[in-house]
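Asks: below are the sequence and a predicted model; questions follow.
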Amino acid sequence: LRIGVLTMPIKKKRSRPKPRANPDRELRKQLAQLLRGGQAHVNFSDTLEGFPAKKRGVLAKGLPHTAWQLLEHARIAQWDILEFSRNSKHVSPDFPEGYWPKTPIPPNATAWDRSVRELQRDLQRMIALIENPKADLHALIPDAEGKSILREALVLADHNAYHLGQFVDLRRALGIWPEA
């Protein structure tokens, strides 16, 4: 007869990952990807592509904004966040009226395209600011009540994601969203 001895399994020591030489590099990369979109949500290019001109000023039943209103609001807010992040003397528009277009439809045939170009341009400028290793993401913006470039990038990503969702809802309600 053999009597066994119960033993506890030996835990293997897990090796800790080595700290990264520059943790901000990965943070900058992740922020840029977040702003570009396409990971957890659609991006502006996909959402705006092929949006019919005749639907840009149409209100869908149960939704509060037209595509023009959403586009202009996103453009103005993004521009404001970018400028605030780059220039502590920047003066923001009056809230909320300064962040929305005056009319629910584009004022002319070129306004939509100009707004799309400016939205994309300012998004690329914010990404360039974030990716610039000389820009201190954590430093407080002068005279900005505890706000930093990092905080502004996260606010912009959050704001854009919210309104991208509204764009998708609007396109679905108007019957112009390409369902998968």
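Replies: Arrived safely, thanks for sending.

Asks: for the helix or strand bottoming out on mean pLDDT in the chain, the distance to its chain's centre please.
Replies: Here the helix or strand of the chain ranked lowest by mean pLDDT, DSSP states H and E is helix 44-48, holding a mean of 91. Distance of helix 44-48 from the chain centroid (C-alpha atoms, centre = their mean, to the nearest Å) equals 12 Å.

Asks: tell me the confidence at the nearest residue to Q33 once chain neighbours are set aside?
Replies: Once flanking residues are discounted, Q33 sits nearest to Q39: 6.2 Å by C-beta to C-beta, 6 or more residues apart in numbering. For the C-beta atoms, the positions are set from N, CA and C on the backbone; glycine is no exception. Listed pLDDT for Q39 reads 80.

Asks: then A180?
Replies: On pLDDT, A180 comes in at 52.

Asks: cool, Q124 as well?
Replies: At Q124, pLDDT is 98.

Asks: just the element for the residue nearest the centre of the chain, please.
Replies: The centre of the chain sits closest to A157, judged by C-alpha atoms, centre = their mean, with a distance of 2.5 Å. In the assignment (DSSP states H and E), A157 maps to helix 149-173.

Asks: other SSEs contacting that helix?
Replies: Counting by 3 or more C-beta pairs under 8 Å, 6 or more residues apart in numbering; DSSP states H and E, the packing neighbours recorded for helix 149-173 are helix 23-36, helix 44-48, helix 67-86, helix 111-131.

Asks: hey, which of those helices is tucked in deepest?
Replies: A comparison of the helices and strands packed on helix 149-173 by mean neighbour count, using mean count of other C-beta atoms under 10 Å, puts helix 67-86 on top with a mean of 22.

Asks: from the contact counts, what lies against that one?
Replies: Secondary-structure packing of helix 67-86 (3+ C-beta pairs under 8 Å, 6+ apart): helix 111-131, helix 149-173.

Asks: do you know which of these lies nearest H90?
Replies: Of all the helices and strands packed on helix 67-86, it is helix 149-173 that lies closest to H90, at 11.3 Å by C-beta to C-beta.

Asks: next one: phi and psi at T103?
Replies: Backbone torsions for T103, taken as degrees, to the nearest 10, come to phi -130, psi 160.

Asks: residues in contact with it?
Replies: Residues near T103 by C-beta atoms under 8 Å, 6 or more residues apart in numbering: G57, W68.

Asks: related to what we said a few turns ago, just checking, what packs against the least confident helix or strand of the chain?
Replies: Secondary-structure packing of helix 44-48 (3+ C-beta pairs under 8 Å, 6+ apart): helix 111-131, helix 149-173.

Asks: try 10 Å this time
Replies: For helix 44-48, the elements it packs on are helix 67-86, helix 111-131, helix 149-173, judged by 3 or more C-beta pairs under 10 Å, 6 or more residues apart in numbering; DSSP states H and E.
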